[in-house]
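A.B. asks: fold the following and give me the result.
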Amino acid sequence: MTDLNKNIKIENHGVIPKEEEQATPEELYARLIEKIKHYHPSADDLRMIDKAYNFAKKSHGDQKRKSGEPYIIHPIHTALILADLELDKESIMAGLLHDVMEDTAATREIMIKEFGEEVTDLVDGVTKLTKLDYDVDKVEEQAENLRKMFLAMAKDIRVILIKLADRLHNMRTLMYMTPEKQKEKSKETMDIYAPIADRLGISKIKIELDDLALRYLEPEKYKELVDGVHERLEHREEFMSNLIAEVAGYIEKAGIKATIDGRVKHYFSIYKKMTMQHKTLDQIYDVFAVRIIVDSVMECYGALGIIHEKYTPVPGRFKDYIAMPKQNMYQSLHTTLIGPNGQPFEIQIRTYEMHKTAEYGIAAHWKYKENITGDGDNEEQKIAWLRQILEWQRDMSDNHEFINLLKDDLNMFSERVYCFTPNGDVKNLPSGSTPIDFAYSIHSAVGNKMVGARVNGKMVNIDYKLQNGDRVEIITSNNSTGPSRDWLKVVQSTQAKNKINVWFKQQNKEENIVKGKELIEKYCKAKNINLSEILKPAYMEKVRLKYSYKEWDSLIASIGHGGLKEGQIVNKLLDEYEKEHKVEITDDDVLKDTNNNKANVPRKSNSKSGIIVEGMDDVAVRFSKCCSPVPGDEIVGFVTRGRGVSIHRTDCINIMNLPDIERGRLIEASWAADEGKQDGKYMTEIVIYANNRVGILTDLSRIFTERNIDVNSINSRTSKSDIATITMTFAIQGTEELNSLIAKIRTIDSIIDIERTSS
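C.D. replies: Numbers count the residues shown, from 1 in each chain. From the prediction side, this is the model:
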């Protein structure tokens, strides 16, 4: 008997049911217990879950969420999502407790005593690194937290499931955050968390995260899409219902028991297809799909044969993910057909077990009854991608490089090409991959020694684009000199890019260390900086941590190959030196200054420049080009020989490293409050470091144009490691406008860091 659902399912992601939205913590917790009892065969003993709930509730106390609700609401919702995935009791407990170590006084020791090491490790794996001993920018902070999470995932995959549940509920309640925070969290979700859910095959969470992120990143397009889909659903509901009934009739007549329903593809999937294919909603014909779920693989192919007999298949639109599963374990048959009225539609055919895996991914295989751990051979095979991430962590000390590599890999995951080794093993690679990608997917040594390739028995160029079904043979030689830098321009897989970069770093490390040291010495000599004073182990250690390198030599090597700028590192070392060598003012100094003031009554001099110089009248004032001060900066004057007073920022490198003999020329200066160039413009200069890509200068220019800021000059250079250094000089009114501009520039994709010039 066929189980037929003629209604077309359409998900309303992010809308929490009214009964849940208005429920008290006690009512929500009662629902959680009901869910656990429904799927857990040994749910009679729930004392530890009760204990976790009461502990979390007491620990969070009077804490409130942005919505004004008691904070405990969030951990309960997180646990409810985990219960939807039918996870074990330890995961539910960790979901209830996941914020106590981060947001309350509860320590790891207390947690272990109360709940044991297993639950504590799960909570600790989700907990952010909140107490770092050094200043970190947003990218570095994000990278460090992700590194910590991946290491915890390697020990126990449930860590990421809890994190995804936590993020999903936060996204469902994002309406209470500021617009800036909404976009920040949505971008991180779309870049990192939704793709991770996709990687692990958890479409139930991945789909909702994508749709929620799109809602806040592109609100107008999202609303237009939702309205458009609903409008088309009204017009096509009768057609789809009749089609489902017709398909069900054919399947039932063939004696195949099946569940058949119709559904609307999720909004982000439709949006992505419209964007990538440059189509309107009217031109996307597989917005609606029919799904057939059967008992066995044999019945999947049987149903496919019946469907292809009754309807005309669209050439090139059939995909067999049963014979060739996706990396995230997804299996299904996809085919596009021409309907009775000439309208194309899509059908997906899978077994019930495949459907469960498609919905829950790795969570479908994590069951209390299986007692699976992250170390089991079977489970390890299912999360091979995680092992690759851990390899990158070992190979890379640069956080910015790690986060970009991770994003690239996650973004490439959806479009794949399947090729075969001469032995018939399948290699699953990003679309557009070359034989080089194939070689590195086998082993680093194969890629490093590759000298050529045969595809389907014929020699091909190394930049040949692999096609589905290609049989690839890699030709290697022990006399190979290793990969070429040009390979980085043609490879597609993140794995290959990383392995090629690692090879070059290892080969040239000694040379880069020598070059890096020379650059630092040359910089210090030009700026009259005593290198021996700032190159102390304590200062070096703090700077190493700031840039997240495993050792000092790796940081120096990065300067040598262009990943870091020598001025950046020297300035950070100087900052550490200055912290320990603050000038102490004695009582004698104060008395001496007082006597001098009595003898020379200070006079404030107003200049057309908008600067007040203490003790001088009608003096020529000019702004130094080395640090380009603007209103709002702390400033100091320097009495030059014959050219009046030059105004510098107090953090200017030239002022900070002024020889003692010249310090007598420093004089107090300040910005005029009501006089001078109130409405004037001041030239300033910033240096932008970014991962080089096409269009980055266009993105920068757009921001300056939107803000009506006149750019005086722009200079860009790119290092061997493809890091762009962009120097921009422009007119600005003051630090408030400058800080706002820099904050906006930081939102551009690929930006690594921004500095004001001070040299």
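A.B. asks: quick one: the helices in the stretch 551-700 of the chain?
C.D. replies: Assignment of helices within the stretch 551-700 of the chain using DSSP state H, counting those that start in this stretch yields the ranges 552-560, 566-580, 587-599, 653-656, 696-706.
A.B. asks: what's the second one in contact with?
C.D. replies: Under the criterion Cβ atoms under 8 Å, 6 or more residues apart in numbering, residues 516, 519-520, 522-524, 527, 529, 533-536, 538-540, 542-543, 546-547, 555, 559, 653, 656-657, 753, 755, 758-759 lie in contact with helix 566-580. In this view, the C-beta of every residue, glycine as well, is placed from N, C-alpha and C.
A.B. asks: can you give me the strands for the stretch 251-400 of the chain?
C.D. replies: Shown for the stretch 251-400 of the chain, the strands assigned by DSSP state E, counting those that start in this stretch span residues 258-264, 288-294, 312-313, 319-320, 333-338, 344-351.
A.B. asks: looking at these, which is nearest to D156?
C.D. replies: When these are ranked by distance to D156, counting by Cβ to Cβ, first place goes to strand 344-351 at 28.9 Å.
A.B. asks: show me the contact partners of that closest one.
C.D. replies: Identification of contacts with strand 344-351 by Cβ under 8 Å, 6+ apart yields 240, 243, 247, 285-286, 288-297, 299-300, 303-304, 307, 314, 322, 331-339, 358.
A.B. asks: from the chain's centroid, how far away is that strand?
C.D. replies: Here strand 344-351 is found 33 Å from its chain centre; the criterion is Cα atoms, centre = their mean, to the nearest Å.
A.B. asks: pLDDT on it, on average?
C.D. replies: Along strand 344-351, the predicted confidence averages to a pLDDT of 90.
A.B. asks: tell me the strands beside it, with direction?
C.D. replies: Take DSSP bridges as the rule and strand 344-351 pairs in its sheet with strand 288-294 (parallel), strand 333-338 (antiparallel).
A.B. asks: can you list the buried residues in the helix or strand hosting Y250?
C.D. replies: Taking DSSP states H and E as the definition, one finds Y250 inside helix 219-253. Taking 16 or more other Cβ atoms under 10 Å as the neighbour-count basis, helix 219-253 is seen to contain the buried residues 222, 225, 228-229, 232, 236, 240-241, 243-244, 247-248, 250-251.
A.B. asks: just name the most buried of the strands paired with strand 344-351.
C.D. replies: Among the strands paired with strand 344-351, strand 288-294 has the highest mean neighbour count (mean count of other Cβ atoms under 10 Å), at a mean of 23.
A.B. asks: what does that strand contact?
C.D. replies: Under the criterion Cβ under 8 Å, 6+ apart, external residues in contact with strand 288-294 comprise 8, 233, 236, 240, 243-244, 247, 251, 256-265, 300, 303, 307, 345-352, 355.
A.B. asks: switch to 6 Å and redo it
C.D. replies: Residues outside strand 288-294 that contact it (Cβ atoms under 6 Å, 6 or more residues apart in numbering) are 240, 244, 247, 258-264, 300, 303, 346-349, 351-352, 355.
A.B. asks: how about the CA coordinates for that strand, as PDB?
C.D. replies: Output of strand 288-294 as PDB, limited to C-alpha atoms (Å, rounded to 0.1, in the frame of the first residue of the first chain):
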ATOM      1  CA  PHE A 288       8.900  21.800  -6.500                       C
ATOM      2  CA  ALA A 289      10.100  18.100  -6.300                       C
ATOM      3  CA  VAL A 290       8.400  14.700  -5.700                       C
ATOM      4  CA  ARG A 291      10.100  12.400  -3.300                       C
ATOM      5  CA  ILE A 292       9.600   8.600  -3.300                       C
ATOM      6  CA  ILE A 293      10.800   6.600  -0.300                       C
ATOM      7  CA  VAL A 294      10.900   2.800  -0.500                       C
END
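A.B. asks: that one - what's its average pLDDT?
C.D. replies: On average, the pLDDT along strand 288-294 is 89.
A.B. asks: looking at the contacts of helix 566-580, which are in helices?
C.D. replies: Using DSSP state H, the members of those that fall within helices are 516, 519-520, 522-524, 533-534, 538-540, 542-543, 546, 555, 559, 653, 656.
A.B. asks: hang on, the earlier thing: got TSV for the helices of the stretch 551-700 of the chain, with mean neighbour count and mean pLDDT too?
C.D. replies: As requested, the helices of the stretch 551-700 of the chain are exported to TSV (neighbours: other Cβ atoms under 10 Å; pLDDT from 0 to 100):
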stretch	mean neighbour count	mean pLDDT
helix 552-560	22	84
helix 566-580	18	84
helix 587-599	10	45
helix 653-656	19	77
helix 696-706	14	86
